[in-house]
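Visitor: coordinates only, sequence not included:
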């Protein structure tokens, strides 16, 4: 079976687009082949900085012949009908049609249309130009002489050559002939830009890959990644160092070279005084180089303390870095290393300068005094000065939500209020909140925004802040998603909660809620963050009260009727997020609904909700739970049917125990007794937040419920007995409501 | 002149290289601009159907980048070498690599790479796709295929090369501090360094840009330039009743746009433009640039017959 080989050779494709482009090429071409009935055995696409390539194996030489019968009108039908049939079937006269006898209709005309299957080569020659012309690049461009005309070809960068061959392994493949905007398909490609720029004639995929390899091009990006990673680890190991692995950087670097050559450079030891994350950020962002750290062994020997929370794993950075060049230089890479070292040195000089500047005093401190007074800052300290500067600059957080300074004041007040709830010192929480955003106007964060929080922590440590304050400054942005770590230091928890709650109520107050897929202010993430902070730290927070207070700090007057609907709306937003979170963790979302059901008491306390859901889930796994749920469903069904007759509320109130004693069955008495014992027990347990106990109390109802349904006919002919039994069932329904609305539980 | 021994040698080599490839070699535009792209030989000539090849050196002023002569890599006044080729030739990448060879970059020794960098100038209403060109990890040039200038689609597309001359010179001379560059190639007493020529200027202009530029005057000059630009655009239209659609004052109007842009840069360096105002100033300059571009397209240079 023949193979297709396609290569689109262009100027340098942005690294971040290569993988998706290869996938798109494969999908678009193979989909179009399949659409024409050309099935294939396998397909794989590749990308380098200068080419997209596609190999489709096991295609037929031509598509299947298609034979089609078209029924026409009766023989002797009016001429208009005959002409219509001829036209539709593509016949020039009735001689080309056959006549078939139909038992009902009599003799009718039938046209037999035979379409020979399309040659695969011809199909490819149609498909590929169409794919090229409509290729979904995220950004594309025009170029050259052709761009003077309106509808010239667009590609990610100028497209220079198209290689397209088709043929079986045993024969000489043919070039699939087509042309796109003056580029004629052929069987020629080009090697590495500097090592082997000449033309290479290609037959099929096997010799294509091998020829490219000889011409210093590794076609497969994953192989380039493997080469870089293996070489990087080896070079590091040889120096007793360890590679700080970075998958995103590796992916990018593999998209910047056709022939990876990993080289090691160094910078002056003195730059190691710069925080490791900042070194990594500058070397990574500007130079696309990997950093290295002392190996774990060396670290243990030196007894270096390591903080488990630090995002840079344990051991300190070394003064080496790894670059990936695209060239096997004639001097072994000495000039390339020297050049990269110069640039790294210049960048680190900048970073060192930023770091030193940030640690020093700002000029014109007197102009910052009003801001310092407003925020209670100590202008003798550098980080306090930066916060005062942020306030004084009036940097806008959001046009309708005021400045960063105003926001920090709100967060500080809220963090202080929340401190007792989470077990934090209010003074520390307020202090941490006031410094949490202070690193935003620093030089370092201005240059590397991804270091926000981390630099603040660093500067806070340098000016001798309390360790909890330092940790809170870094961690108050967390958690950034469902898998990000949740801070546990109470001060950090207080500030993290305050930051997120202020954001949420602010955007709610100006009616900028997330809609559909749009959530530009990441409010869903903020709500999930609040939930995780509360649940994982076992914080008991009365949410509506906190939200109302935060709303009032955002200028929404409470008690005016304006705040209540917002609080309610926001609370149900939290409930929705909680449902999503529990569902993602494998919990049944119907249980969340059951716990949050109408009239349930739990809706304000996220921790209680999750505990209740967990207990309910465990209970329903047990035989007692399943059986009680079945009994509940049965009772509820009967009640629903009978309430239709007697009216809503007809069976409320306690059952008449004397009537039961006088005329009831033993099983009826049993249920009445069980309810009388279990209900108050369950309620007491819920009041004491012992949900397991409440479930256990309900479980005690099971034998009585089972026995009741076994023996008792609810709709007794005696109306008094009937109503009394229905009242008993209603009591059962009410008893379960102590823990959840069982009616919302599925199954 | 050996391009690896002197700053001016590098500059002259590039001029000769591109002159030999058919470019008109222009002199710098006699106004303060933030980048070589502002030169009408690029901005305006990139518009319209007429082919155009030009190369020139352009002093570029970035008031905010001043460091009082204390930073070895940053300057508020530096040189860009600018090449524009319209339409972009098919071998533009190779031409660029040849030019690097010409100034002494051995491509068997040095790792030259084209790394994605989409170019955009909000004030010029212009964007293009291309790369920053890396030599051993250092960005030495910008390489852009203009797609739009002054809000107008480029047809045909021009290719633009911008060489950072100081950086390249530091590289080929092996110098760590820009002020140590050999400017004239002389040795001993005859040696003139980049610092000899420009250090004092960097110190004085940093003071001016950050401390002394009269902001009230700058605001006034900005408004004046904006008004004058609009007035010239209006005055360049054909008189009422005439059918001639040609514009007659596109170039002088564009000069005023350049002026407004520079005033904005100075005000920005003085820190007197707030974050919210900043955007509106950029839009005001862009409106001027767009109107000038539209006017240019109705001139002979813009291909109007």
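Guide: Good, I have the coordinates. Only a predicted model underlies this, so the values are computations on that prediction, with no experimental measurement involved.

Visitor: shaky segments in the chain?
Guide: As the question left the chain open, I've gone with chain A. Scanning chain A for pLDDT under 70 picks out A:296-314, A:557-562, A:598-602, A:747.

Visitor: um, chain B though
Guide: Low-confidence segments of chain B (pLDDT under 70): B:275-276.

Visitor: Run through the residues that contact the spatially most central residue of chain B.
Guide: Per Cα atoms, centre = their mean, the C-alpha nearest to the average position across chain B is that of residue B:36, at 1.2 Å. Going by Cβ atoms under 8 Å, 6 or more residues apart in numbering or on different chains, residue B:36 touches B:42, B:56, B:57, B:58, B:60, B:80, B:81, B:82, B:162. Using the backbone N, CA and C atoms, a C-beta is placed for each residue, glycine as well.

Visitor: Now tabulate these in CSV and tack on distance to residue B:132 and secondary structure.
Guide: CSV is the format used below for the contacts of residue B:36 (distance: Cβ to Cβ, whole Å; DSSP: H, G, I helix; E, B strand; the rest coil):
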residue, distance to residue B:132, secondary structure
B:42, 18, helix
B:56, 21, strand
B:57, 20, strand
B:58, 18, strand
B:60, 16, strand
B:80, 14, strand
B:81, 15, strand
B:82, 15, strand
B:162, 10, strand
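
Visitor: So which of the residues you listed wins on neighbours?
Guide: Most neighbours among these, by other Cβ atoms under 10 Å in any protein chain shown: residue B:42, with 28 neighbours.

Visitor: My guess is that residue contacts residue B:82. True?
Guide: Yes. Taking contacts as Cβ atoms under 8 Å, residue B:42 lies within contact range of residue B:82: 6.3 Å.

Visitor: what is in contact with those two at once?
Guide: Contacts common to residue B:42 and residue B:82, judged by Cβ under 8 Å, 6+ apart, are B:36, B:54, B:160.

Visitor: Show me which of those is closest to chain A.
Guide: residue B:160 (12.1 Å; Cβ to the nearest Cβ).

Visitor: Find the nearest non-adjacent residue to that closest one, please.
Guide: residue B:144 (4.6 Å; Cβ to Cβ, 6 or more residues apart in numbering or on different chains).

Visitor: Can you list the helices and strands that the strand or helix carrying that neighbour packs against?
Guide: In the assignment (DSSP states H and E), residue B:144 maps to strand B:138-149. Applying 3 or more Cβ pairs under 8 Å, 6 or more residues apart in numbering or on different chains; DSSP states H and E, one finds that strand B:138-149 contacts helix A:334-359, helix B:92-102, strand B:126-135, strand B:159-164, helix B:165-173.

Visitor: Just send those back as TSV, with distance to residue A:377 too.
Guide: Putting those into TSV (distance: least, Cβ to Cβ, whole Å) gives the following:
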stretch	distance to residue A:377
helix A:334-359	16
helix B:92-102	52
strand B:126-135	41
strand B:159-164	41
helix B:165-173	41
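
Visitor: Show me the one of the ones you listed that comes nearest residue B:285.
Guide: Nearest to residue B:285, of all the helices and strands packed on strand B:138-149, is strand B:126-135, at 11.8 Å by Cβ to Cβ.

Visitor: Do that closest one and chain A come into contact?
Guide: Yes. Shown here: strand B:126-135 in contact with chain A (Cβ under 8 Å from any Cβ of the partner chain) through B:128, B:129, B:130, B:131, B:135.

Visitor: Now do the same contact list for the last one.
Guide: Right, the one you point to is residue B:135. Shown in contact with residue B:135 (Cβ under 8 Å, 6+ apart): A:339, B:100, B:105, B:110, B:111, B:112, B:171.

Visitor: Of those, which is the most crowded?
Guide: In these, the most neighbours by other Cβ under 10 Å go to residue B:111, 25 neighbours.

Visitor: picking up where we left off before, nearest to residue A:455 among the contacts of residue B:36?
Guide: residue B:60 (31.4 Å).

Visitor: Any residues of the stretch 1-150 of chain B in contact with chain A? List them.
Guide: Selection of the stretch 1-150 of chain B residues close to chain A by Cβ under 8 Å from any Cβ yields B:49, B:71-73, B:87-90, B:93, B:106-116, B:118, B:128-131, B:135-138, B:145, B:147.

Visitor: among the residues you listed, which ones are buried?
Guide: With burial judged by 16 or more other Cβ atoms under 10 Å in any protein chain shown, the buried subset of the residues of the stretch 1-150 of chain B next to chain A is B:71-73, B:87-89, B:93, B:107, B:109-116, B:128-131, B:135-138, B:145, B:147.

Visitor: follow-up on the earlier one: strand B:126-135 and the strand holding residue B:144, what's the angle between them?
Guide: Orientation note: strand B:138-149 sits at an angle of 160 degrees relative to strand B:126-135 (axes from the mean of the first three to the mean of the last three Cα atoms, to 10 degrees).

Visitor: okay, the angle between strand B:138-149 and helix B:165-173?
Guide: Using the same axes, to 10 degrees: strand B:138-149 against helix B:165-173 is 150 degrees.

Visitor: quick check: angle from strand B:138-149 to helix A:334-359?
Guide: Interaxial angle, strand B:138-149 versus helix A:334-359 (the same axes, to 10 degrees): 80 degrees.

Visitor: Nearest to chain A: which residue in the stretch 51-200 of chain B?
Guide: Counting by Cβ to the nearest Cβ, the stretch 51-200 of chain B gets nearest chain A through residue B:136, at 2.6 Å.

Visitor: is it true that that residue touches residue A:341?
Guide: No. Using Cβ under 8 Å, residue B:136 makes no contact with residue A:341, being 9.0 Å away.

Visitor: Next up, the contacts around the residue nearest to residue B:260 when sequence neighbours are not counted.
Guide: Take residue B:260 and drop its neighbours on the chain: the residue closest to it by Cβ to Cβ, 6+ apart is residue B:225, 4.0 Å away. Applying Cβ under 8 Å, 6+ apart to residue B:225 gives the contacts B:256, B:257, B:259, B:260, B:263.
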